[in-house]
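**Q** what shape does this take:
(one chain, ligands or ions: 2)
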Amino acid sequence: MWDFAGRDTAIDLGSATVRMHVRDRGVVAREPSLLARCLHTGKILALGLPAQEMAGRNPDVRLVRPIREGAPTETDEAEYLMRALVRTHHKRRYTARPRLVVTVPSGMSSVHYRALQFSAFQAGARRLTLVPTPIAAAVGMGLTSSGRPEIVVVADIGADITDIGVISFGGLVTSHTALVGGSSLDRAIVALVRREHKVRISPASAEAAKLEVGAVPPIGRRPLRQTVVHGRDLTTGLPRGIVLTTADVARAIAAPVAEIVAAIQRGLSGCGPEISGELLGVGITLTGGTARLPGLDRLIRERTGLAARIGDDTGDAAVIGAADVLRSAGSQEPPARRSSPRPHLLTTVPEQ
Ligand SMILES: Nc1ncnc2c1ncn2[C@@H]1O[C@H](COP(=O)(O)OP(=O)(O)OP(=O)(O)O)[C@@H](O)[C@H]1O
Ligand SMILES: [Mg+2]
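**A** Ligands and ions are numbered 1, 2, ... in the order given. As a prediction, this is how the structure comes out:
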């Protein structure tokens, strides 16, 4: 009946990648969360991959990351990004007003919460539902559905944030969000190369090195690999290549990796004694891009004593789960507006 207004749409507003799922079509977009704005006119010139390709190459362009720490910190750009995605993937581009579900960090601040609400309605949402990422990811990985009492523990280790949630009956028993993730590892690699080689490399080169040779120590019998990163020599100002081995990268990222593990320990420590013991039999399911860092699952297992396994290789779990949540909430009337601005449980916000 509402198809003329656009099909149900789920958006995972990641700090690195924004993903969109449209009902009956599946995941239709995976774009870098990035916009290119002209320095002189202020016009937005590109978004997603084309914007990323302009990085450092076009002096008239300023790159804007509208989503930081999992929240729309640049509201205008976040709204533009959501609107552009909705228009591109709906038939009635200019009248599309879909029911929208957006995943949010479980510990999102009230300021960011309102900013997201504002951006989503400006972007054309007819109705907005917010789902904490750990719940969406658990549903997307087929681990839980609302009304089931089993405990599920999910840790989403993304680019800017690590979000851990203990879930039962489709809601969060406890959760913890820490501002650490893949970008922290990239920054640590940039800092090590600067400190030890006096060469400045871009965060994108650091990320490429991490993806190529990155691993959590001890590296054990894994073969030692190496890669070359290029940057600017700080003394001569000239381009220079530096060889980085798995051991170099492991040494660089040791501190933020320890922070990720500490965040997961903290998330688990919020459980009451009734379920704390049960967690040992449950284990942790990992999702998010950084969970794929070789050896991280082993380190989490060692430090928490809980079985940790990677539950999602594609990174799509949260957006697919959010779409499922919207589908199952479809027949229900929107609940009354919550007085607390923090979306600890599934929250539907009527338009103001
Ligand atoms: N194989 C891999 N090994 C290590 N890190 C990886 C791997 N693949 C992706 N990453 C890192 O994962 C991060 C992106 O993960 P993801 O797509 O889950 O983030 P996001 O959802 O956009 O961000 P957030 O959830 O923090 O807002 C990047 O920092 C990327 O470098
Ligand atoms: Mg994410």
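**Q** neighbours of whatever residue of the stretch 201-350 of the chain ends up closest to ligand 2, how many?
**A** Nearest residue of the stretch 201-350 of the chain to ligand 2: residue 288, at 5.4 Å (CB to the ion). Every C-beta, even on glycine, is put in place using the N, C-alpha and C of the backbone. Residue 288 has 26 neighbours, counted by other CB atoms under 10 Å.
**Q** tell me which parts of this structure are close to ligand 1?
**A** 14-17, 70, 158-161, 181-183, 207, 210-211, 214, 288-290, 292-293, 315 (CB under 6 Å from any ligand atom).
**Q** hmm, back to that, and the residue of the stretch 201-350 of the chain closest to ligand 2, how far from residue 303?
**A** Distance from residue 288 to residue 303, counting by CB to CB, to the nearest Å: 18 Å.
**Q** how about the strands in the stretch 251-352 of the chain?
**A** Assigned by DSSP state E, counting those that start in this stretch, the strands in the stretch 251-352 of the chain fall at 284-287, 308-310, 347-349.
**Q** the closest residue to ligand 2 within the stretch 151-300 of the chain - nearest residue in space that isn't next to it in sequence?
**A** In the stretch 151-300 of the chain, the residue that lies nearest ligand 2 is residue 158 (3.6 Å; CB to the ion). Ranked by CB to CB, 6 or more residues apart in numbering and with sequence neighbours excluded, the top spatial neighbour of residue 158 is residue 288, at 4.2 Å.
**Q** who touches that neighbour in this structure?
**A** 137, 155, 156, 157, 158, 162, 181, 315 (CB atoms under 8 Å, 6 or more residues apart in numbering).
**Q** tell me which of those fall in helices.
**A** Judged by DSSP state H, these include residue 137 as members of helices.
**Q** nearest to ligand 1 among the contacts of residue 288?
**A** residue 158 (2.4 Å; CB to the nearest ligand atom).
**Q** residues near the closest one, how many?
**A** Based on other CB under 10 Å, the number of other residues close to residue 158 is 27.
**Q** please look at it and residue 12 and confirm they touch.
**A** No: using CB atoms under 8 Å, residue 158 makes no contact with residue 12, being 9.5 Å away.
**Q** circling back to that earlier point, so how far is residue 234 from the residue nearest to residue 158?
**A** Between residue 288 and residue 234 the distance is 33 Å, computed by CB to CB.
**Q** how far does the longest helix anywhere in the chain sit from its chain's centre?
**A** Counting residues, the longest helix found in the chain (DSSP H) is helix 246-269. From the chain centre to the centre of helix 246-269 is a distance of 17 Å (CA atoms, centre = their mean, to the nearest Å).
**Q** and the residue of the stretch 201-350 of the chain closest to ligand 2, what's its pLDDT?
**A** Note on residue 288: pLDDT of 96.
**Q** same deal with the one 3 residues further on?
**A** pLDDT, residue 291: 97.
**Q** which residue packs closest to it, ignoring adjacent ones?
**A** Residue 291 sits nearest to residue 157 (CB to CB, 6+ apart), 4.7 Å away.
**Q** does that neighbour touch residue 285 like I think?
**A** No: here residue 157 lies out of contact with residue 285, judged by CB under 8 Å, at a distance of 11.4 Å.
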